[in-house]
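In: what would the 3D arrangement of this be:
(chains A and B)
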Amino acid sequence: QKEVEQNSGPLSVPEGAIASLNCTYSDRGSQSFFWYRQYSGKSPELIMSIYSNGDKEDGRFTAQLNKASQYVSLLIRDSQPSDSATYLCAVDLNTGFQKLVFGTGTRLLVSP
Amino acid sequence: DTGVSQDPRHKITKRGQNVTFRCDPISEHNRLYWYRQTLGQGPEFLTYFQNEAQLEKSRLLSDRFSAERPKGSFSTLEIQRTEQGDSAMYLCASSLGTGSQPQHFGDGTRLSIL
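Out: Predicted structure coming up:
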């Protein structure tokens, strides 16, 4: 079992729709979770961090965390073509120095 | 507020050559990380510095790889006797050393081995 799993996609949504991206992780001791966006050929860009169970909203983005079920999700409301990218889920293994383990990413395609 | 800076952006070299990459973290960040990313994969952790001390190295980091962070400022990653399998994007990230602050990535160095 991989430490962090994501569906590779692509996930295709029309412009204006809600995109839902999911991530599961194996280490129950993990405490910190991050979503990064990566455009093709570019480096990862931090979108959201979440540390507590529940929802965290920032603009069009909402991160959801359920530690009991060991999953993290990212919702993108009013999706735009510019949101088309690969979304990486990263989990801090709680080693004390924030060693991140990344999933393989989900490719999102937003069609006009 | 400048971000994480990496140099060079691209490096093409022949197999067997040595290469060195540089990373300048965000100025107030005392944690610095190196990752490697290949096509279709997420970044993989290579090594971590807290100030000038290298505190963690991945098993992925063979003895051909060495990293330094003199004086706790910029960092260098050197690969000796490069191999075809070293072709990847090498990413540097930095963060504040308190709690679980998010890591911010540089633009990366893309290494191609001929």
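In: nearest spatial neighbour of the residue in chain B that chain A sits nearest to, skipping sequence neighbours?
Out: Closest contact between chain B and chain A, by C-beta to the nearest C-beta, is at residue B:42 (3.0 Å). No exception for glycine: its C-beta is placed from N, CA and C like everyone else's. Distances taken as C-beta to C-beta, 6 or more residues apart in numbering or on different chains place residue A:102 nearest to residue B:42, at 3.0 Å, with adjacent residues excluded.
In: now stretch B:70-90: average pLDDT?
Out: For stretch B:70-90, mean pLDDT rounds to 95.
In: around chain B, pick out the residues from chain A.
Out: A:4, A:8, A:31-32, A:34, A:36, A:42-46, A:49, A:51, A:88, A:90, A:92, A:95, A:97-105 (C-beta under 8 Å from any C-beta of the partner chain).
In: tell me the buried residues within these.
Out: Neighbour-count burial (16 or more other C-beta atoms under 10 Å in any protein chain shown) applied to the residues of chain A next to chain B gives A:4, A:32, A:34, A:36, A:43-44, A:46, A:49, A:88, A:90, A:92, A:97-98, A:100-105.
In: in chain A, which spans are strands?
Out: For chain A, the strands defined by DSSP state E cover A:4-5, A:11-14, A:19-25, A:32-38, A:45-50, A:54-58, A:61-66, A:71-76, A:85-92, A:100-102, A:106-111.
In: residues contacting the most centrally placed residue in chain B?
Out: Closest to where the C-alpha atoms of chain B average out (C-alpha atoms, centre = their mean) is residue B:34, at 3.3 Å. Listed by C-beta atoms under 8 Å, 6 or more residues apart in numbering or on different chains, the contact set of residue B:34 reads B:23, B:46, B:47, B:48, B:67, B:75, B:77, B:90, B:91, B:92, B:93.
In: related to what we said a few turns ago, mind putting the strands of chain A into JSON lines with distance to residue B:15?
Out: Below are these laid out as JSON lines (distance: least, C-beta to C-beta, whole Å):
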{"stretch": "strand A:4-5", "distance to residue B:15": "32"}
{"stretch": "strand A:11-14", "distance to residue B:15": "38"}
{"stretch": "strand A:19-25", "distance to residue B:15": "37"}
{"stretch": "strand A:32-38", "distance to residue B:15": "28"}
{"stretch": "strand A:45-50", "distance to residue B:15": "32"}
{"stretch": "strand A:54-58", "distance to residue B:15": "45"}
{"stretch": "strand A:61-66", "distance to residue B:15": "43"}
{"stretch": "strand A:71-76", "distance to residue B:15": "40"}
{"stretch": "strand A:85-92", "distance to residue B:15": "29"}
{"stretch": "strand A:100-102", "distance to residue B:15": "28"}
{"stretch": "strand A:106-111", "distance to residue B:15": "31"}
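In: could these be laid out in CSV, adding distance to residue B:107 and mean pLDDT?
Out: Below are these laid out as CSV (distance: least, C-beta to C-beta, whole Å; pLDDT from 0 to 100):
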stretch, distance to residue B:107, mean pLDDT
strand A:4-5, 24, 95
strand A:11-14, 26, 97
strand A:19-25, 24, 97
strand A:32-38, 12, 96
strand A:45-50, 10, 95
strand A:54-58, 23, 96
strand A:61-66, 23, 97
strand A:71-76, 23, 97
strand A:85-92, 15, 96
strand A:100-102, 17, 94
strand A:106-111, 20, 97
